[in-house]
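> Structure, please.
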Amino acid sequence: MLLLLALAEGGLRLAALARGPLTFDVGPSTAAYLTGFTDSEERPPTTSRWARNRALVELPLSARGERATLRLRFGRFVDHAIDVQV
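Residues are numbered from 1 along each chain as shown. As a prediction, this is how the structure comes out:
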């Protein structure tokens with residue numbers, strides 16, 4: 001029984017290492033994680049939201065390890081700069 005539990009735990013740890021990337025789409029089902037954004041706009045194949053003066057994305061996740069990569073895709077239609085804090 002203990003051997004089975006140890007094998008199961010080891011399998012779960014290995015599976016956690018093999019995770020693929022996380023994609024967060026700003027569609028209608030993600031409103032709970034967003035503050036300061038407009039409603040989502042569906043324009044297949046993409047979904048978008050406009051950020052107001054101050055917008056925040058709060059995701060319930062954590063990352064461990066030596067390296068993590070965050071990629072943002074955005075469009076700007078005004079000339080002034082924007083600050084992004086991670």
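> Could you point out the longest strand of this protein?
Criterion DSSP state E: the longest strand present in the chain is strand 51-57.
> what packs against that one?
Helices and strands touching strand 51-57, by 3 or more C-beta pairs under 8 Å, 6 or more residues apart in numbering; DSSP states H and E, are strand 34-37. (Glycine included, C-beta is placed from N, CA and C.)
> in its sheet, what does the strand it packs on sit against?
strand 51-57 (antiparallel) (DSSP bridges).
> Name the residues of the longest strand of the chain that are buried.
Within strand 51-57, no residue counts as buried by 16 or more other C-beta atoms under 10 Å.
> next one: that strand to chain centre, how far?
Put simply, strand 51-57 sits 15 Å off its chain's centre (C-alpha atoms, centre = their mean, to the nearest Å).
> Tell me where the model's unsure across the protein.
Confidence mapping of the chain against pLDDT under 70 gives the ranges 1-2, 15-19, 63, 76, 86.
> how far does stretch 30-45 stretch from start to finish?
One end of stretch 30-45 sits 17 Å from the other (C-alpha to C-alpha, to the nearest Å).
> just to revisit the earlier point, residues in contact with the longest strand of the chain?
Here strand 51-57 makes contact (C-beta atoms under 8 Å, 6 or more residues apart in numbering) with 24, 33-38.
> rerun at 6 Å
Here strand 51-57 makes contact (C-beta atoms under 6 Å, 6 or more residues apart in numbering) with 34-37.
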